[in-house]
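1. I need the structure of the sequence given here:
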Amino acid sequence: MNDLDFSFEDSPWEAFLRTKRAGDTVSAANLLTMLEEESEQAVEDALQALEDGGLNLDVSDLPKAPGSGAAALRLRQEAQLVEKGLPLEELEPNDPLRLYLEEVAQLSPSGNEQALAAKCAAADERAMETLTNLGLHRVLEIAKDHVGLGVLLLDLIQEGSLGLWQAIQGYREGNYAACRDYWIRFYMAKAVFLQARANGVGQKLREALEDYRAVDERLLSELGRNPTLEEIAEAMHISPEEASVVKKMLDDARLLAQAKKQPEPEEEKEAEEQAVEDTAYFRMRQRILELMSVLDETDAKLISLRFGLEGGMPLSPEETGKRLDLTPDEVVAREANALSKLRSER
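-> As a prediction, this is how the structure comes out:
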């Protein structure tokens, strides 16, 4: 092990995903809140972890903000069209969505996809083409389920088509239809998730969590009992459905916190082994401190705060910046330079 191969405590999103198993469903609202102050690289890492772990990303709990402008108007129009069954006559003759729908309508909607998938696994290119054409009908059906979540229908179809191709290329055995639907939904959900992040939904959800806690405590004091979900929703001026989403996020956060506090059985039984680990940890910390002696005082403090080297929780760039009177961008830049300097000292 080289001198810099030490690990730090998991970030909230990493700890959250570690509690999940293949096939489990992850709340997009929960994950988005945890990643709200993280870097774009962390967001990419989180989505990759979902993909690698075979997890489902549920975007149904993300708020449906009406928005404004041409894009919002188009989103509302598409939602109305889907409710009517996507009648082509209500779209302009040269509308890209209409042209695409007309093209897909000409493709055969039926075929033995399981048999074709088996041929694709043997690198049969003609079978791949046929299976792709068949799958485009399914892409359209799944895209309809995601309309109204901030991404235009044609963009959803494009992302779903990438997921379809991932399914075809990666299929080896088993239920092809389940594999196909998973990848189509995952790619669409990822697009919705990233759009929600770009729209600042994570910050809004974080504020909703804080408001929910405050209202819950105030009503408890005023009523002398636990308030109902409807009472909290009314006080927050949101719907009971929206309040339910926020409550679930709070409940999940509490469960995660409890899980992190519970010691592993082996830790309770093997005190002697733990003492050895503590000694190794002490030596590792000493080595880290020696390495950090090459940094100036500000950068050394910055690294300690960012990675929790002083015994506390790792801080975000924004929290670290407040401690050191730096902007988040300055924190990120100085951190990168400091780590580069540390690596050169190994």
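2. isn't residue 233 up against residue 240?
-> Yes: contact criterion Cβ atoms under 8 Å: residue 233 and residue 240 qualify, at 4.6 Å. Every C-beta, even on glycine, is put in place using the N, C-alpha and C of the backbone.
3. where does residue 181 land on pLDDT?
-> Model confidence at residue 181, expressed as pLDDT, equals 95.
4. go on, residue 133?
-> Residue 133 carries a pLDDT value of 92.
5. residue 41 - how many residues pack around it?
-> By the criterion of other Cβ atoms under 10 Å, residue 41 has 8 neighbours.
6. with residue 158 instead?
-> Residue 158: 17 neighbours (other Cβ under 10 Å).
7. and it, what element?
-> Here residue 158, judged by DSSP states H and E, is contained in helix 153-170.
8. starting at the chain centroid, how far to that helix?
-> From the chain centre to the centre of helix 153-170 is a distance of 18 Å (Cα atoms, centre = their mean, to the nearest Å).
9. now for that helix, which elements pack on it?
-> helix 96-105, helix 113-121, helix 125-145, helix 176-198 (3 or more Cβ pairs under 8 Å, 6 or more residues apart in numbering; DSSP states H and E).
10. tell me which of these sits nearest to residue 40.
-> Among the helices and strands packed on helix 153-170, the nearest to residue 40 by Cβ to Cβ is helix 176-198 (9.1 Å).
11. report the rounded mean pLDDT for whichever helix or strand comes after that closest one.
-> As assigned by DSSP H and E, the chain's next helix or strand after helix 176-198 is helix 201-223. Summarised as a single mean, pLDDT over helix 201-223 is 78.
12. please apply the same query to stretch 329-342.
-> For stretch 329-342, the per-residue pLDDT averages 82.
13. just the residues contacting it, thanks.
-> 4, 39, 291-292, 294-295, 298-300, 302-303, 306, 317-318, 320-321, 324, 326 (Cβ atoms under 8 Å, 6 or more residues apart in numbering).
14. picking that back up, which one of residue 233 and residue 240 is surrounded by more residues?
-> Higher neighbour count among residue 233 and residue 240: residue 233, with 21 against 15, using other Cβ under 10 Å.
15. what helix or strand does the more buried one sit in?
-> Applying DSSP H and E as the criterion places residue 233 in helix 229-236.
16. and that helix, what's buried?
-> Within helix 229-236, the residues scored as buried using 16 or more other Cβ atoms under 10 Å are 231, 232, 233, 234, 235, 236.
17. any idea how many residues pack against residue 197?
-> By other Cβ under 10 Å, neighbour count at residue 197 equals 19.
18. what's it in contact with, if anything?
-> 32, 35, 36, 43.
19. same question for residue 60.
-> Counting by Cβ under 8 Å, 6+ apart, residue 60 touches no other residue.
20. wait, is it part of a helix?
-> No: assessed with DSSP: H, G, I helix; E, B strand; the rest coil, residue 60 is coil; it does not lie in a helix.
21. how near is it to residue 139?
-> 19 Å (Cβ to Cβ, to the nearest Å).
22. where do the helices sit along the stretch 201-346 of the chain?
-> Counting by DSSP state H, counting those that start in this stretch, one finds helices in the stretch 201-346 of the chain at the ranges 201-223, 229-236, 240-261, 265-269, 271-292, 297-307, 317-324, 328-344.
23. and this protein, what are its domain boundaries?
-> Under the assignment automatic domain parsing, the domains of the chain span 69-198, 201-261, 273-344.
24. most tightly surrounded among these?
-> domain 69-198 (a mean of 17; mean count of other Cβ atoms under 10 Å).
25. please compute how far it lies from its chain's middle.
-> Distance, stretch centre to chain centre, for domain 69-198: 21 Å (Cα atoms, centre = their mean).
26. same check on stretch 26-40?
-> 5 Å.
27. can you give me the end-to-end span of that stretch?
-> One end of stretch 26-40 to the other measures 19 Å (Cα to Cα, to the nearest Å).
28. okay, buried residues for that stretch please.
-> Those would be 26-38, for stretch 26-40 by 16+ other Cβ under 10 Å.
29. surely residue 120 is in contact with residue 129?
-> No: applying Cβ under 8 Å, one finds residue 120 not in contact with residue 129, separated by 9.7 Å.
30. now stretch 136-147: mean pLDDT?
-> The average of the pLDDT scores along stretch 136-147 is 94.
31. outside of that stretch, which residues touch it?
-> Residues from elsewhere that reach stretch 136-147 (Cβ under 8 Å, 6+ apart): 59, 75, 78-79, 82, 86, 101, 104, 107, 109, 153, 156-157, 160-161, 163-164, 180-181, 184-185, 188-189, 192.
32. in the stretch 1-150 of the chain, which ranges drop under the pLDDT threshold?
-> Across the stretch 1-150 of the chain, the ranges flagged by pLDDT under 70 are 1-9, 65-68.
33. hey, C-alpha coordinates of stretch 71-87 in CSV?
-> Coordinates of each C-alpha in stretch 71-87 appear next as CSV, following Å, rounded to 0.1, in the frame of the first residue of the first chain:
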residue,chain,number,x,y,z
ALA,A,71,-39.7,25.0,-23.1
ALA,A,72,-42.2,24.9,-20.3
LEU,A,73,-45.0,25.6,-22.8
ARG,A,74,-43.8,22.7,-24.9
LEU,A,75,-43.6,20.4,-21.9
ARG,A,76,-47.3,21.2,-21.0
GLN,A,77,-48.3,20.7,-24.6
GLU,A,78,-46.6,17.3,-24.7
ALA,A,79,-48.3,16.2,-21.5
GLN,A,80,-51.7,17.1,-22.9
LEU,A,81,-50.9,15.2,-26.2
VAL,A,82,-49.9,12.1,-24.2
GLU,A,83,-53.2,12.2,-22.3
LYS,A,84,-55.0,12.3,-25.7
GLY,A,85,-53.0,9.4,-27.1
LEU,A,86,-50.5,11.4,-29.1
PRO,A,87,-52.7,12.4,-32.0
